[in-house]
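Asks: Sequence first, predicted model second:
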Amino acid sequence: MRHAIYFAPPPGTLFHSLGARWLGRDAFSGETLEQPAAAGLPAVTGDPRRYGFHATLKPPFALRETVRPDALLRAVAALAADEQCFRVSLKVALLDRFLALVPRGPCAALHRLADRSVRELDGFRRAPTAEELARRRSGGLSERQDRHLRDWGYPYVLEDFRFHMTLTERLPAAEAARFEAAAEEHFAPVLAAPVLIDGLALFEEPSPGLAFLATRHFPFPHSAAEVAA
């Protein structure tokens, strides 16, 4: 089993509903959902559907043999209790030929949250195998990314972190604009104003290749400004 710490809008919110419907699966319930009527959408959402609608904070990892899962739960709960809700403006964008929801501009709060998740929960992570390291390196890494891979088990953390909520697999150039327009229309109700970052979600992959499930959501305390809003 692998665990991951993600941002995922919780069930009952419009953002969660729109994300789950776009991918065709609710990662919290495991339910299969009907996707928007965009031709070819099921075929280009297979991989993100398996992972569920989310933004990665601490990438998937196996637990060290000496660590109990309930200890990880307590650590994630403690981290969430030490954060506060904040908002960020998102947009649909094309990244390396796949569509994702990304920040409209720099957001220090997102980077701080991701950095804390990577650093403070790293004691639970089992070191990657030689095969896992080789697979990550096969795509080509910078010297800094390779150092991150050795130190944190994943190359795209800390300075190389990019907050993104994946919406498709890599798209043919001729299809990108069409799916981008469909995503902008679908997510328009929640992207018209900054979205709420309000907690950490623990996702689990029961065994290699199976769909990730969101097993717990740890809400952040609301700031005075969020309560007022």
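Replies: All right, it came through fine. Note that the structure is predicted; figures quoted are calculated from it, not measured.

Asks: Mind naming the longest helix for this protein?
Replies: helix 173-191 (DSSP state H).

Asks: can you list the weak-confidence ranges in this structure?
Replies: Applying pLDDT under 70 to the chain flags residues 223-229.

Asks: so how far is Pro221 from the one residue sitting closest to the centre of it?
Replies: What sits nearest the mean C-alpha location of the chain, by C-alpha atoms, centre = their mean, is Ala55, with 2.0 Å. Here Ala55 is placed at a distance of 20 Å from Pro221 (C-beta to C-beta, to the nearest Å). All C-beta spots, glycine's among them, are computed from the backbone N, C-alpha and C.

Asks: just Pro194 next, same as before
Replies: 19 Å.

Asks: quick one, strands of the protein?
Replies: For the chain, the strands defined by DSSP state E cover 2-7, 55-62, 86-88, 90-95, 98-103, 165-166, 195-197, 199-205, 213-219.

Asks: The last one - contacts with which helices or strands?
Replies: In this case it means strand 213-219. Helices and strands touching strand 213-219, by 3 or more C-beta pairs under 8 Å, 6 or more residues apart in numbering; DSSP states H and E, are helix 69-81, strand 199-205.

Asks: cool, and the third one?
Replies: For strand 86-88, the helices and strands in contact under the criterion 3+ C-beta pairs under 8 Å, 6+ apart are helix 108-120, strand 195-197.

Asks: Does anything pack onto the shortest one? Which helices or strands?
Replies: The one in question is strand 195-197. strand 86-88, helix 108-120.

Asks: List of residues touching it?
Replies: For strand 195-197, the surrounding residues in contact (C-beta atoms under 8 Å, 6 or more residues apart in numbering) are 7, 9, 15, 85-90, 109-110, 113, 220, 226.

Asks: what lines up beside that strand in the sheet?
Replies: strand 86-88 (antiparallel) (DSSP bridges).

Asks: how about the helices and strands packed on strand 195-197 in a markdown table, adding distance to Leu202 and mean neighbour count?
Replies: A markdown table is the format used below for these (distance: least, C-beta to C-beta, whole Å; neighbours: other C-beta atoms under 10 Å):
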| stretch | distance to Leu202 | mean neighbour count |
| --- | --- | --- |
| strand 86-88 | 20 | 18 |
| helix 108-120 | 11 | 17 |
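
Asks: Same list, the ones you listed, but as TSV with distance to Pro69 please.
Replies: Below are the helices and strands packed on strand 195-197 laid out as TSV (distance: least, C-beta to C-beta, whole Å):
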stretch	distance to Pro69
strand 86-88	29
helix 108-120	17
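
Asks: between these, which one is nearest to Val190?
Replies: With C-beta to C-beta as the criterion, Val190 lies closest to strand 86-88 of the helices and strands packed on strand 195-197, at 11.5 Å.

Asks: so how far is that closest one off the chain centroid?
Replies: 16 Å (C-alpha atoms, centre = their mean, to the nearest Å).

Asks: ranking the helices and strands packed on strand 213-219 by burial, who's on top?
Replies: Neighbour counts (mean count of other C-beta atoms under 10 Å) averaged over each of the helices and strands packed on strand 213-219 peak at strand 199-205, with a mean of 21.

Asks: for that strand, packing partners?
Replies: strand 2-7, strand 55-62, helix 69-81, strand 213-219.

Asks: and the angle for the third one with strand 213-219?
Replies: The reference is to helix 69-81. Between helix 69-81 and strand 213-219, the angle comes out at 40 degrees (axes from the mean of the first three to the mean of the last three C-alpha atoms, to 10 degrees).

Asks: and the angle for helix 69-81 with helix 108-120?
Replies: Calculated by the same axes, to 10 degrees, helix 69-81 forms an angle of 150 degrees with helix 108-120.
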